[in-house]
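Engineer: Can you look at this prediction? I've put the sequence above it.
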Amino acid sequence: MVRPGVRVAILGVPLAVTLALTCAACDTGSAAAPSSSPSAKGGGAHGAVSAPVARGSLSWHPCSGPHQAMQCSSLQVPLDYRNPGGRKITLALSRVPASAPQGQRQGVLLVNPGGPGGSGLSLAGVVASGLNPNVAAGYDIIGFDPRGVGSSKPALHCDQSFFAGVRPDYIPASSHGEQVLQARAKLYAAGCEKSYGWLLPYMTTANAARDMDAIRIALGQRQINYFAYSYGTYLGEVYATLFPGHLRRMALDSVVDPTGVWYQDNIAQDYAFQGRMTAFFTWVAGRDGVYHLGTTVAQVRQAWYRVRAKLKAHPVAGASGPLIGPDEFDDTFLQGGYSDSLWSGLANALSVYDQTGGTGALISQYQAYGTQNENEFAVYNAVQCADVNWPRNWARWDSDTRTVYRTAPFQAWDNAWFNAACAYWPVQGPAAPMQIRGASLPGILMIQGTLDAATPYPGAQRAHRLLPTARMVVVVAGGNHGQSLGDPPNTCVNGYLNRYLATGALPARPGLVNAACPDLPVPSTSG
């Protein structure tokens with residue numbers, strides 16, 4: 001869904017590079033001896049399974065992070081919830097404790113930044129700092145690294161050299177070029193099976209939701225509150241389906257379409273990102289006096305592809321060899337589709353390189369936004385490939401990608417190769433996505449930009465229809481992925497979020513657009 005490496009800015013802190021969390025407790029605990037071989041269905045089923053976790057069993061320790069009150073802990077959970085006495089894995093947790101008087105506290109608020117593969121440890125501190133202080137004070141705000149991620153044990157890695165150096169061009173120039181990229185995808189899938197074949201069947205969103213319920217039990221809570229972005233919204237949808245009685249409040253920002261998980265959702269992204277790239281080109285064209293890349297969208301687009309071709313022929317060198325080729329260039333500019341706060345820096349880097357050949361600004365943008373984290377990539381593939389079965393005939397991928405490329409070339413091949421390992425994955429997921437059910441849920445707050453590319457608006461509204469107690473705040477013409485707690489802040493959006501978490505209040509307008517907020521002004525050339 002949301003590609004690893006995505007930088008959704010929350011309070012000016014990129015979620016994929018949030019402040020490092022020093023957590024001694026996160027390193028404690030190791031997997032028990034292996035149990036019998038897991039089935040290909042990975043803990044099966046979409047049914048709820050109770051976790052064998054002792055209530056109130058967590059021990060918290062101070063740790064450094066983006067909030068002075070940050071604490072850390074760890075929790076062992078079953079690898080396979082059908083075999084709760086078998087092999088264990090360890091989740092890394094963080095907490096900013098509630099500071100309100102006991103009678104004003106509202107329980108725990110679990111938070112998730114998205115992914116699959118995103119670390120959530122620092123997000124607890126970021127959310128605690130971003131909410132209205134009186135609202136934040138009422139909650140124990142809990143971050144966690146989902147299974148396989150970051151400080152959780154084990155941390156999934158399949159090929160730590162996969163992103164080393166300059167990679168083959170995403171856009172294949174010939175059938176041979178396409179075969180080279182297919183071979184990379186096959187090798188990555190094989191590496192995952194070789195290194196962590198025992199873990200892969202259990203790397204599902206449903207099991208991550210069961211892990212969340214284990215966290216609830218360990219915290220000694222009858223119910224949880226939940227706030228998430230992006231893929232984290234799908235995790236919330238699945239949790240609500242499996243454990244409806246365990247949910248008190250749920251706020252979902254930038255909402256995943258659960259009916260398209262995951263092949264169709266990725267195709268929908270391709271078309272939406274083309275629109276965001278056109279918006280970026282339009283913004284640059286309106287500032288030709290600053291960037292000198294052209295006064296029309298066509299001219300700016302031509303400059304962008306001119307630079308891409310130059311990087312393919314002559315990659316930018318780093319300290320230890322080739323650093324930025326066409327793929328690394330694409331990955332960097334993709335981030336502008338997630339947040340237009342990055343447009344100024346990206347445009348400047350493009351302009352400097354195109355006009356003078358200077359590489360400093362481009363390298364800075366790549367290092368800040370374009371580099372890939374192989375653990376995130378491994379978890380991203382493991383979860384998406386196991387959640388649901390993907391097409392196994394490469395001819396289908398090739399045909400669909402070429403169809404998309406004709407009208408939406410920016411991400412067509414890039415996105416295909418980011419997910420291509422699923423065509424060869426050793427685990428076959430269910431034939432269809434989990435059916436999301438929400439009839440018996442408490443009121444849910446959804447927040448969505450109409451031009452969001454990573455979780456396109458039509459899909460978010462399909463999720464809305466499946467969760468009839470949800471009310472959606474729509475940011476009209478908003479293209480940023482992650483509308484709440486941003487920098488600069490959207491006070492309208494933040495107001496709805498704070499009121500909901502404080503009192504459960506939801507917008508009352510009927511229909512699919514229950515409240516509307518204006519988008520933020522377009523960014524200035526200074527960023």
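Structural biologist: Received the coordinates, thanks. Residues are numbered from 1 along each chain as shown.
Engineer: Hmm, residue 146 and residue 92 touching each other?
Structural biologist: No - counting by CB atoms under 8 Å, residue 92 sits too far from residue 146 to count as a contact (9.5 Å). The C-beta positions use only the backbone N, C-alpha and C, and glycine is treated the same way.
Engineer: Can you pull the residues that touch both of the two?
Structural biologist: The contact sets of residue 92 and residue 146 overlap at residue 152 (CB atoms under 8 Å, 6 or more residues apart in numbering).
Engineer: Tell me how many other residues crowd residue 334.
Structural biologist: Using other CB atoms under 10 Å, residue 334 has 24 other residues around it.
Engineer: in which helix or strand would I find it?
Structural biologist: Assigned by DSSP states H and E, residue 334 falls within helix 326-338.
Engineer: So which residues of the chain form strands?
Structural biologist: Residue ranges of the strands in the chain, as given by DSSP state E, are 9-10, 13-14, 61-62, 71-78, 88-96, 108-112, 140-145, 224-229, 247-253, 316-318, 321-324, 444-449, 470-476, 515-518.
Engineer: For the most centrally placed residue in the chain, which non-adjacent residue is closest in space?
Structural biologist: Centrality entry for the chain: nearest residue to the mean C-alpha point is residue 115, 2.5 Å, by CA atoms, centre = their mean. For residue 115, ignoring the flanking residues on the chain, the nearest one in space by CB to CB, 6 or more residues apart in numbering is residue 231 at 4.8 Å.
Engineer: any idea how far the one you found lies from residue 262?
Structural biologist: Counting by CB to CB, to the nearest Å, the gap from residue 231 to residue 262 is 10 Å.
Engineer: quick one: which of these two has more around it?
Structural biologist: Under the criterion of other CB under 10 Å, the comparison of residue 231 against residue 262 puts residue 231 first, with 29 against 25.
Engineer: that older thread, can you give me the separation between the residue nearest to the centre of the chain and residue 205?
Structural biologist: Residue 115 sits at a distance of 10 Å from residue 205 (criterion: CB to CB).
Engineer: which residues do the two both contact?
Structural biologist: With CB under 8 Å, 6+ apart, residue 115 and residue 205 have common neighbours residue 383.
Engineer: doesn't residue 414 make contact with residue 269?
Structural biologist: No - applying CB under 8 Å as the test, residue 269 and residue 414 come out as separate, 10.3 Å apart.
Engineer: what about these two, which has more around it?
Structural biologist: Neighbour count, other CB under 10 Å: between residue 269 and residue 414, residue 269 has more, with 25 against 20.
Engineer: Residue 59: how many residues sit nearby?
Structural biologist: Neighbours around residue 59, by other CB under 10 Å: 11.
Engineer: err, residue 390, not the other one
Structural biologist: For residue 390, the neighbour count with other CB under 10 Å is 21.
Engineer: what's near enough to touch the closest residue in space to it that isn't next to it in sequence?
Structural biologist: Excluding the flanking residues, the one nearest residue 390 by CB to CB, 6+ apart is residue 422, at 4.0 Å. Contacts were defined as CB under 8 Å, 6+ apart; by that measure residue 422 touches 189, 262, 263, 381, 384, 385, 390.
Engineer: what's the second one in contact with, if anything?
Structural biologist: It stands for residue 262. 1, 384, 387, 388, 390, 419, 422, 433 are the contacts of residue 262 under CB under 8 Å, 6+ apart.
Engineer: can you pick the most crowded of these?
Structural biologist: Most neighbours among those, by other CB under 10 Å: residue 384, with 29 neighbours.
Engineer: can you tell me which residues contact that one?
Structural biologist: 1, 116, 261, 262, 390, 419, 422.
Engineer: Of those, which is the nearest to residue 302?
Structural biologist: Of all the contacts of residue 384, residue 419 has the smallest distance to residue 302: 28.9 Å, by CB to CB.
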